[in-house]
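1. Test case, fold it:
(one chain, ligands or ions: 1)
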Amino acid sequence: MTLLIKSIDDLARQKYDVFVPTMGALHPGHQSLIKLAREKSDRVLVSIFVNPLQFENQDDLARYPKTLETDLKLAEAAGAAAVFAPSYEDVYPGEITKIDAGAIGDLYEGASRAGHFSGVLTVVKRLFDLTQPKIAIFGEKDYQQLFLIKQMVKKFNLPIEIIAAPIIREADGLAMSSRNVRLDEAGRKSALIISRALREDSIAQMHAVLENEAGFTLDYLEEIDEETFLPATANSKNKRVIIAGWVNGVRLLDNKRMGATG
Ligand code: AMP
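-> Numbers count the residues shown, from 1 in each chain. Here you go, the predicted structure:
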């Protein structure tokens with residue numbers, strides 16, 4: 001049985017090597033992170049905490065799916081030793097000192113979701129402090145988040161290795177997300193345009209594909225330099241296309257590594 005840890009006092013009595021933070025509503029994408037964690041150690045801790053600080057949209061927060069019972073089973077099936085599901089008061093006991101996400105935190109996801117990355121970094125730092133793992137695993141699905149967490153770990157000199165896990169997709173190509181359950185049947189079809197566009201070779205071709213899908217509203221489509229997260233240049237070694245938009249009012253993200261140059 002997976003151990004459910006609800007309080008920080010109970011957590012303090014345990015020691016875990018690998019940490020996989022989530023907001024719950026677990027799916028095979030999350031499970032792939034847990035399985036990767038298990039390759040590193042048997043002592044894998046998953047956290048489930050829907051962090052209000054990273055939601056700029058209160059409706060999105062209120063509608064975020066909550067499925068703790070199923071989550072415990074999925075976490076256990078993937079190999080987690082324990083699930084830490086703290087209360088708001090445990091995570092934020094007093095006045096909250098927010099972590100600044102810096103200039104990159106205001107771009108792309110951060111431009112559309114004011115304060116989002118500050119909220120993400122604040123909760124991840126707090127969870128790192130509480131759980132003190134050797135390794136933490138994050139998905140490439142949220143590529144900008146992964147970049148900013150690595151940047152924070154460097155900045156604070158935290159003794160934690162950050163490991164990136166590849167994007168897990170549905171059979172038809174849609175990147176798995178806890179929010180996908182909010183898509184209706186037509187929306188689910190429209191959402192496929194994102195992964196379809198990413199199969200193209202150039203940004204221009206991707207734009208052309210996306211324009212053909214009325215159900216999808218594009219927020220950004222950009223080729224960035226993986227080292228800087230700024231728009232890629234002729235000198236960029238590793239490039240990645242990042243994309244975000246809405247279907248049925250549901251925000252969807254995806255990205256893909258582009259051919260390396262040089
Ligand atoms: P969330 O519960 O959405 O905050 O996600 C928790 C972790 O799972 C983050 O590191 C995400 O990047 C990762 N994740 C979510 N969806 C996927 C996916 N489809 N493939 C890989 N990782 C994912």
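2. Return the set of residues that bridge with residue 163.
-> For residue 163, the beta-bridge partners are residue 137 (DSSP bridges).
3. any idea how far residue 4 is from the closest residue to residue 24 other than its chain neighbours?
-> With sequence-adjacent residues excluded and distances taken as Cβ to Cβ, 6 or more residues apart in numbering, residue 24 is closest to residue 48, at 4.0 Å. Using the backbone N, CA and C atoms, a C-beta is placed for each residue, glycine as well. To residue 4, residue 48 is 9 Å away according to Cβ to Cβ, to the nearest Å.
4. Mutual contacts of those two, please.
-> Taking Cβ atoms under 8 Å, 6 or more residues apart in numbering as the criterion, residue 48 and residue 4 both touch 83, 85.
5. who has more neighbours, those two?
-> residue 48 (23 against 15; other Cβ atoms under 10 Å).
6. and the residue of the stretch 51-200 of the chain found nearest the ligand, what does it touch?
-> Taking Cβ to the nearest ligand atom, the ligand has its nearest neighbour within the stretch 51-200 of the chain at residue 139, 2.3 Å off. Residues in contact with residue 139 (Cβ under 8 Å, 6+ apart) are 29, 32, 33, 146, 164, 165, 166, 167, 168.
7. same thing with residue 72?
-> 2, 4, 83 are the contacts of residue 72 under Cβ under 8 Å, 6+ apart.
8. How about the residues of the stretch 101-250 of the chain by the ligand?
-> 138, 139, 141, 142, 165, 167, 168, 175, 176, 177, 178 (Cβ under 6 Å from any ligand atom).
9. lowest-pLDDT helix or strand in the protein?
-> helix 8-12 (a mean of 90; mean pLDDT, DSSP states H and E).
10. Let's see that one as PDB, backbone CA atoms only.
-> Taking C-alpha atoms only, helix 8-12 is exported to PDB below (Å, rounded to 0.1, in the frame of the first residue of the first chain):
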ATOM      1  CA  ILE A   8       4.600  17.800   7.700                       C
ATOM      2  CA  ASP A   9       5.200  16.100  11.100                       C
ATOM      3  CA  ASP A  10       4.600  12.700   9.500                       C
ATOM      4  CA  LEU A  11       6.700  13.600   6.500                       C
ATOM      5  CA  ALA A  12       9.600  14.700   8.800                       C
END
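11. Strands along this structure, start to end?
-> For the chain, applying DSSP state E gives strands covering 3-5, 18-22, 44-48, 82-84, 135-139, 161-165, 216-225, 239-247, 250-257.
12. and those as JSON lines, adding distance to residue 123 and mean pLDDT?
-> Formatted as JSON lines, those follow (distance: least, Cβ to Cβ, whole Å; pLDDT from 0 to 100):
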{"stretch": "strand 3-5", "distance to residue 123": "17", "mean pLDDT": "94"}
{"stretch": "strand 18-22", "distance to residue 123": "8", "mean pLDDT": "98"}
{"stretch": "strand 44-48", "distance to residue 123": "9", "mean pLDDT": "98"}
{"stretch": "strand 82-84", "distance to residue 123": "12", "mean pLDDT": "98"}
{"stretch": "strand 135-139", "distance to residue 123": "13", "mean pLDDT": "98"}
{"stretch": "strand 161-165", "distance to residue 123": "15", "mean pLDDT": "98"}
{"stretch": "strand 216-225", "distance to residue 123": "23", "mean pLDDT": "98"}
{"stretch": "strand 239-247", "distance to residue 123": "21", "mean pLDDT": "98"}
{"stretch": "strand 250-257", "distance to residue 123": "18", "mean pLDDT": "97"}
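13. got CSV for the ones you listed, with distance to residue 120 too?
-> Shown next, in CSV, are the strands of the chain (distance: least, Cβ to Cβ, whole Å):
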stretch, distance to residue 120
strand 3-5, 22
strand 18-22, 10
strand 44-48, 13
strand 82-84, 17
strand 135-139, 10
strand 161-165, 13
strand 216-225, 18
strand 239-247, 15
strand 250-257, 13
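14. From residue 140, how far off is the residue nearest to residue 24?
-> On the measure of Cβ to Cβ, residue 48 and residue 140 end up 21 Å apart.
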